[in-house]
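Visitor: Here you go, sequence then predicted model.
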Amino acid sequence: MKIFMLCLMLLGTLPAGAVEPRERLADPALEARARTISGELRCLVCQNESIDESGADLAHDIRVLVRERLTAGDTDAQTIQAVVNRYGAFVLLKPPVEPATYVLWFGPPALVLFGLAGTFIWLHRRQAAPADTAPLSPDESRRLAGLLRDNEG
């Protein structure tokens with residue numbers, strides 16, 4: 001019984017595709033192409049999953065659209081472009097590098113570089129800062145010596 005439960009738990013950790021049996025194409029080559037394309041497209045409802053993994057109704061609609069386009073004879077690129085034309089570039093899990101997506105591509109590395117540069121400048125200025133202490137006057141030296149003697153005894 002323990003082995004059975006372990007097997008069930010392990011099966012739960014496997015990635016689950018949301019493609020329904022009625023969506024699947026009869027041609028295995030076309031179905032493989034559809035699954036590949038579905039893995040590259042974002043679910044607009046979930047936004048953190050591909051349409052291949054999502055169970056949302058909109059993801060289902062996009063999966064059906066992909067399969068219709070492939071069945072009609074479109075290439076993979078034409079199929080993806082048709083989905084982008086309909087839903088926008090946000091549907092791509094890996095958006096293209098273009099002016100509209102520069103912030104997505106270059107923003108995080110720029111923030112890291114600015115943070116490192118700021119840390120370096122702060123550390124450099126901290127080490128190079130002159131000490132704000134002036135030498136003790138003779139009166140202050142005598143007073144300090146007296147305090148130290150009082151603490152020792």
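Guide: Noted; the coordinates are in hand. Numbers count the residues shown, from 1 in each chain.

Visitor: Let me see the contact set for residue 58.
Guide: 43, 44, 45 (C-beta atoms under 8 Å, 6 or more residues apart in numbering). The C-beta positions use only the backbone N, C-alpha and C, and glycine is treated the same way.

Visitor: For those residues, give me JSON lines that also has distance to residue 114.
Guide: JSON lines is the format used below for the contacts of residue 58 (distance: C-beta to C-beta, whole Å):
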{"residue": "43", "distance to residue 114": "33"}
{"residue": "44", "distance to residue 114": "32"}
{"residue": "45", "distance to residue 114": "34"}
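
Visitor: any weak-confidence spans in the protein?
Guide: The model of the chain has pLDDT under 70 over residues 1-22, 129-132, 153.

Visitor: For it, which segments are assigned as helices?
Guide: Using DSSP state H, the helices of the chain run over 2-12, 28-40, 57-71, 76-87, 102-128, 138-152.

Visitor: for those helices, which one sits closest to residue 93?
Guide: Residue 93 sits nearest to helix 28-40 of all the helices of the chain, at 5.7 Å, using C-beta to C-beta.
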